[in-house]
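# got a structure for you, letters missing:
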């Protein structure tokens, strides 16, 4: 049997641009006030973005960034695959932590 060439998922062919996004939590906001109440919504947002066929952008990964002593969360690092920078920014406008006002940048 001849080997079948694996070309990867369809979205990789369309979404060639990968953007790394670092979002830092506001210094005056506590974990309990904004991050914790929106955590599940953030995970759902990221996973849903990867399940919409032919979407112009999708979350590849989203991870919490920790303080130097690893004792608390200071923000998020996200990988976004998108057709353009504008599509990446558009997707990020719907991000739950951002909408809640958690991020400073």
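Arrived safely, thanks for sending. As the structure is a computational prediction, the values presented were derived from the model and not from experiment. Numbering: from 1, shown residues only.

# which SS state does residue 22 fall under?
Following DSSP: H, G, I helix; E, B strand; the rest coil, residue 22 is assigned to strand.

# show me what contacts it?
65, 75, 76, 77, 105 (Cβ atoms under 8 Å, 6 or more residues apart in numbering). Heads up, the C-betas are built off the backbone N, CA and C, glycines and all.

# try 6 Å this time
Residue 22 sits next to residue 77 when contact means Cβ atoms under 6 Å, 6 or more residues apart in numbering.

# now do residue 75
So residue 75 contacts 23, 24, 25, 65 (Cβ under 6 Å, 6+ apart).

# most neighbours, which of those?
Neighbour counts for those peak at residue 25, which has 22 neighbours (criterion: other Cβ atoms under 10 Å).

# contact partners for that residue?
Here residue 25 is in contact with 74, 75, 102 (Cβ under 6 Å, 6+ apart).
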